[in-house]
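> Please find the sequence and the predicted model below.
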Amino acid sequence: MQFAHSMERAVTCAVTAFERMKALKVAPTPNNYEMWYAYVADSLPELRQEIDQMLSRGTAFTPDVCESLYQRHIGSRDTRDGIDDASRRLQDTMTSVATAVGTAQAGAQAYGQSLESFSGAMQHGGDGDRLAAMLAETRRMTELNRKLEQKLTASRKEVEDLRRNLDTLEEEASTDALTGISNRKIFDRVLTEESAKAQANGTFLSLLMVDIDHFKAFNDTHGHPLGDQVLKLVARSMVQCVRETDTAARYGGEEFSVILPNCTIAEASTIAEKIRRTVAGRRVINRRTNQDLGRVTLSVGVAEMALGEPLTGFVQRADEALYAAKRTGRNRVVSQRDLERADAG
């Protein structure tokens, strides 16, 4: 990100940014400095508004919160906005040039037509040879302009194709190739963003950690193609059961996760149970032999983020609930509330 400030203004913003960071106990990393400089300079209104709201609530600017703010307001802007702006400007320039060339071509054609109309009357005069040369030059210029216009049109199409390819690449980079749902990279990004929002706004955020029971044994017995079929079945079932605002992702291997913004642990447990029942209610069939391979079951851990809790602690509690579900027999949903009741008893 670039700032167009005078030296005096830049120094003032820099000093103020460091003072803010020190007062709020924000680590003076390059990303944090850039973000707080932008805040002080008021160069990103949306960033300033969100930070002001967080300050009014007394939100702690933890490393996770700062990283989320940076990625949402600065990091992603520098990457995608730069690509969009460059290609947009290139397209605009080529459109303008193509228009100008088209206009010039039309003018040349009109000029040529005018000369042609006069040529008959002047063929017997002394200027016939000169006029013929002028006509030939006009025809040559018209042809050159036509070829230039074709080339510019082709170049503009190439840029449009490039933008479409970039969109496709971005989608592929965010999707698990096998199951078609979000991948671990998107899970990490969304969880960071949603946890920062929940901490800043005091809203609920729940997390499901999901594991396919005995998946390794299934894979070893029936082979990877059928194992892939099971992974796809679980992913489809999760997408069908979650809300539009939720993010279902493949966490790794046979483990999945669901991020549920504005969702209490009771509501999240209900969704988790719905996922478990949906998967358990479907049989796995070998499509090649039509052999019935039985049912797949899931173990699910559920956690709700606590105010001021670090992100690593939140994920760890969901994992602990998942491990408890597997320890106590699998094919069940266990929440942090269940663990708390067990500890109290």
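Alright, I've got the coordinates.

> Only C-alpha atoms from now on, for both contacts and neighbour counts.
Will do.

> Hmm, residue 70 and residue 32 touching each other?
Yes - in this structure, residue 32 is within contact of residue 70 by CA atoms under 8 Å, at 7.4 Å.

> any common contacting residues for those two?
Contact with both residue 32 and residue 70 is made by no residue, according to CA atoms under 8 Å, 6 or more residues apart in numbering.

> Just say helix, strand or coil for residue 289.
Secondary structure, DSSP: H, G, I helix; E, B strand; the rest coil: residue 289 is coil.

> which phi and psi does it have?
The phi/psi pair for residue 289 (degrees, to the nearest 10) reads phi -110, psi -10.

> in the host helix or strand of residue 17, what's buried?
Here residue 17, judged by DSSP states H and E, is contained in helix 7-23. Within helix 7-23, the residues that count as buried by 16 or more other CA atoms under 10 Å are 13-14, 16-18, 20-21.

> And for stretch 319-328?
For stretch 319-328, a neighbour-count test (16+ other CA under 10 Å) marks 319-326 as buried.

> Same check on stretch 336-343?
residue 336.

> how far does it sit from the chain's center?
Averaging C-alpha positions (CA atoms, centre = their mean, to the nearest Å) puts stretch 336-343 36 Å from its chain's average.

> With stretch 182-191 instead?
Mean C-alpha position of stretch 182-191 versus that of the full chain (CA atoms, centre = their mean) differs by 9 Å.

> residues in contact with the helix or strand just after the helix holding residue 17?
Once helix 7-23 ends, the next helix or strand along the chain (criterion: DSSP H and E) is helix 30-41. Contacts with helix 30-41, where a contact means CA under 8 Å, 6+ apart, come from 13-14, 16-18, 20-21, 26, 44, 47-48, 51, 66-67, 70, 74.

> of the residues you listed, closest to residue 260?
Residue 260 lies nearest to residue 67 out of those, by CA to CA, at 20.2 Å.

> Now do the closest one against residue 61, distance only.
Noted for residue 67: a distance of 9 Å to residue 61, by CA to CA, to the nearest Å.

> of those two, who's got more company?
Neighbour totals were compared for residue 67 and residue 61, and residue 61 leads with 22 against 19 (other CA atoms under 10 Å).

> So that one sits against residue 24, correct?
Yes - using CA under 8 Å, residue 61 is in contact with residue 24, at 7.0 Å.

> Name all residues that make contact with residue 228.
Contact analysis of residue 228 by CA under 8 Å, 6+ apart lists residue 178.

> what's the following helix or strand after the strand or helix carrying it?
When elements are assigned from DSSP H and E, residue 228 belongs to helix 224-241. Heading C-terminal from helix 224-241, the first helix or strand you meet, by DSSP H and E, is strand 247-252.

> Tell me the helix or strand right after that following strand.
Toward the C-terminus, strand 247-252 is succeeded by strand 255-261 as the next helix or strand (DSSP H and E).

> Return the list of helices and strands in contact with the helix or strand hosting residue 64.
Element membership for residue 64 (DSSP H and E) is helix 63-70. In terms of contacts (3 or more CA pairs under 8 Å, 6 or more residues apart in numbering; DSSP states H and E), helix 63-70 is packed against helix 30-41, helix 184-201.

> domain assignment for this protein?
Following automatic domain parsing, one finds the domains of the chain at 7-61, 76-173, 185-344.

> Please produce JSON lines containing those, extended by distance to residue 179.
Formatted as JSON lines, the domains of the chain follow (distance: least, CA to CA, whole Å):
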{"stretch": "domain 7-61", "distance to residue 179": "34"}
{"stretch": "domain 76-173", "distance to residue 179": "12"}
{"stretch": "domain 185-344", "distance to residue 179": "5"}
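
> Kindly reformat the ones you listed as a markdown table containing mean pLDDT.
A markdown table is the format used below for those (pLDDT from 0 to 100):
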| stretch | mean pLDDT |
| --- | --- |
| domain 7-61 | 86 |
| domain 76-173 | 61 |
| domain 185-344 | 94 |
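
> Quickly compare the ones you listed and say which is most buried.
domain 185-344 (a mean of 18; mean count of other CA atoms under 10 Å).
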